[in-house]
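Colleague: next one to model:
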Amino acid sequence: MKLVKSLFAVAIATITLTQTAQAFEERVVALVNDTPIMQSQIRTMLGKKTVTKASQRMAIDQLIDDILVQQAMREANVTISPQAVHQAVENVAIQNGITYGQLLDTLDYQGITLEEFKHNIAQQMAMEQVRHISIGKSIQVSPQQVQTLAKELMAKDKSAGKLKTVMGKEHRISHILLKTNPILNDRQAKAKLNSLIADINSGKTTFEEAAKVHSVDYASGADGGDLGFNPLGIYAPEFADVASKSKKNQISAPFKSQFGWHILKVTDVRNSDRTEDAYHQRAYQQLVNKQAEEASKDWIKTLRKAANIQYIGQ
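Modeller: Numbers count the residues shown, from 1 in each chain. Got it, this is the predicted structure:
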């Protein structure tokens, strides 16, 4: 009986010591928009790796990035349709030169279920949309910046004898731009734009909402694709040609320019002297493109700029 009591006492002591150690370890090491990161999470992430100040900071930063991505996805309320995921899975098979059935066999061989694969694809698609939205929100161009650069551009053209008065017809155009990449080729970009046109025409969405979600021209996308009033001469030849032939408020067929794949609609037309406005638009576009290029290099940094991050006891 004494032996049983002794063992019981040892067990209680062991549990108490374990709980005390865990309580000592379980402390907040960082806050991300008021979401705590605990020391135990760092231990779990590092596993059997040696815990150093540098490795702990790297683990904290990785957890911060993960939390920011998840928060951004919740805030954006991005949803990916099952049809879009299925199409993406079929695209993976096409790009790898195999049939859908062969893709399923490959997944099965690797121990990955189709549902798991679809879940991962949906997550990647959602993150890409969140990335577009985050980059668009990060772009901030002040009127003073635009005015200063516009004056510089006008002065430069004037000194070079290239300053031309912009007169005549101006088109107000909205567009949606897609750019090809390793997982989106020309055929798929065109198909995606045709799908968006069908959704707009059927009333499932509007041109403006589609531009906000899908256009990679982040500045105009945030404004529903609106590029404002401009002479057609400032646009790429292919873009200007389609716009010149488009009827008011009619969505064009998908077409390709040096910048990617577009659809557009002309929302208004007017005649006036818009020389200064043209230079302002040119300056604005240059400033936006520069910011978008910098932000797209590492969009996680874009999320960090807008976040409240506190390191505790580091």
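Colleague: can you list the weak-confidence ranges in the stretch 201-314 of the chain?
Modeller: Across the stretch 201-314 of the chain, the ranges flagged by pLDDT under 70 are 314.
Colleague: could I get the full set of strands for it?
Modeller: Listed in chain order, the strands found in the stretch 201-314 of the chain under DSSP state E, counting those that start in this stretch are 226-230, 255-257, 260-271, 309-311.
Colleague: tell me which of those sits nearest to residue 103.
Modeller: With Cβ to Cβ, the closest approach to residue 103 among these belongs to strand 260-271: 25.9 Å. Bear in mind the C-beta positions are built from the backbone N, C-alpha and C, glycine included.
Colleague: can you tell me what sits against the closest one?
Modeller: Contacts to strand 260-271, defined as Cβ atoms under 8 Å, 6 or more residues apart in numbering, come from residues 168-180, 186, 189-190, 193, 196-197, 207, 216, 226, 229, 239, 242-243, 246-256.
Colleague: so who does residue 308 touch?
Modeller: When contacts are counted by Cβ under 8 Å, 6+ apart, residue 308 touches 31, 32, 33, 34.
Colleague: can you show me the helices along this structure?
Modeller: For the chain, applying DSSP state H gives helices covering 2-25, 39-46, 53-76, 82-95, 100-109, 114-138, 143-159, 186-202, 207-214, 218-222, 237-245, 275-297, 299-305.
Colleague: tally of neighbours for residue 95?
Modeller: Residue neighbour count, defined by other Cβ atoms under 10 Å, stands at 13 for residue 95.
Colleague: domain assignment for the chain?
Modeller: 28-77, 82-136, 140-307 (the TED database).
Colleague: okay if I get those as CSV plus distance to residue 313?
Modeller: Formatted as CSV, the domains of the chain follow (distance: least, Cβ to Cβ, whole Å):
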stretch, distance to residue 313
domain 28-77, 6
domain 82-136, 29
domain 140-307, 19
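Colleague: show me which of the contacts of residue 308 are buried.
Modeller: Neighbour-count burial (16 or more other Cβ atoms under 10 Å) applied to the contacts of residue 308 gives 31, 32.
Colleague: which of the contacts of residue 308 lies closest to residue 286?
Modeller: Ranked by distance to residue 286 (Cβ to Cβ), the contacts of residue 308 are led by residue 33 at 33.0 Å.
Colleague: who's in contact with that closest one?
Modeller: Residues near residue 33 by Cβ under 8 Å, 6+ apart: 67, 68, 71, 307, 308, 309.
Colleague: redo that, cut-off 10 Å
Modeller: Contact analysis of residue 33 by Cβ atoms under 10 Å, 6 or more residues apart in numbering lists 64, 67, 68, 71, 306, 307, 308, 309, 310.
Colleague: whichever of these end up buried, select them in ChimeraX.
Modeller: Remark: buried members of those, expressed as a ChimeraX selection using 16+ other Cβ under 10 Å:
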select :64,67,68,71
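Colleague: and the contacts of residue 33 as CSV, adding distance to residue 85?
Modeller: Formatted as CSV, the contacts of residue 33 follow (distance: Cβ to Cβ, whole Å):
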residue, distance to residue 85
64, 29
67, 25
68, 24
71, 23
306, 29
307, 29
308, 34
309, 33
310, 37
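Colleague: which residue is nearest the middle of this protein?
Modeller: Nearest to the mean C-alpha position of the chain, by Cα atoms, centre = their mean, lies residue 131 at 1.8 Å.
Colleague: between the contacts of residue 308, which sits nearest residue 118?
Modeller: Distances from residue 118 to the contacts of residue 308, taken by Cβ to Cβ, are shortest for residue 32, at 29.0 Å.
Colleague: how near is the closest one to residue 185?
Modeller: Residue 32 sits 37 Å away from residue 185, going by Cβ to Cβ, to the nearest Å.
Colleague: same check on residue 267?
Modeller: Between residue 267 and residue 185 the computed distance is 30 Å (Cβ to Cβ).
Colleague: likewise residue 258?
Modeller: Counting by Cβ to Cβ, the gap from residue 258 to residue 185 is 17 Å.
Colleague: more neighbours: these two, which one.
Modeller: residue 185 (14 against 8).
Colleague: separation between residue 124 and residue 98?
Modeller: Using Cβ to Cβ, we find residue 124 at a distance of 20 Å from residue 98.
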